[in-house]
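Undergrad: Fold the following and give me the result.
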Amino acid sequence: MGSKNPEKSARVKGNRLRNKCNEAIQGSAFCHANYSFISWTEDVESCHEYEKALADIKDLYEANDEFRNEIRESTEAALRCLRNGREKGSYNKENETDEDAVDLSEGVLYLLKELAFLVAVPSIYENCKQFVFVYHRSWPVLEKYFNGCYDGIEKPSLGFVVFG
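TA: The predicted model follows:
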């Protein structure tokens, strides 16, 4: 499914998204607000709290069948959208290739890393008191995780808002 150079492709797409975000912010009421973009390698991967959160989430993934299944289903749905265009959804598991299987395990790891980031973000950005993460649709596995459905631990400091 991927590019011949996925790192370069991700960097180009990231720059494009950053530029669009800057344009949107500058054209909004928040144009004078102080904001920053995340540097994954500098800000996130180097943070001890992120490493701990990722280890905890990986442990939960291995131990909890419901969490593991829903993470995999959520990842499959996201990959299906990428393969077929954003809103198309037909998918036939019988036609899955070895490359698709690699994409699934890579996608699962990406999703687990995203959850770990959301847990660790207050430690990563200690001087920031509020965080806003924008998603374009609901994400039930994230909502259930925040509500403690998988591990019995509610995360009241984490919330979820969808802008449609």
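Undergrad: what's the helix or strand for A29?
TA: Under DSSP states H and E, no helix or strand contains A29.
Undergrad: Give me the number of neighbouring residues for it.
TA: A29: 7 surrounding residues under other C-beta atoms under 10 Å. Backbone N, C-alpha and C define where each C-beta goes, glycine included.
Undergrad: Which pLDDT value belongs to it?
TA: A29 carries a pLDDT value of 81.
Undergrad: Next: L112.
TA: With respect to pLDDT, L112 has a value of 96.
Undergrad: Kindly report the same for N95.
TA: 54.
Undergrad: ditto for the one 5 residues further on
TA: On pLDDT, D100 comes in at 54.
Undergrad: Next, work out how far apart the spatially most central residue of the chain and K144 are.
TA: Nearest to the mean C-alpha position of the chain, by C-alpha atoms, centre = their mean, lies E114 at 3.7 Å. For E114, the distance to K144 (C-beta to C-beta, to the nearest Å) stands at 15 Å.
Undergrad: give me the element the residue nearest to the centre of the chain is part of.
TA: helix 98-124.
Undergrad: All set, thanks.
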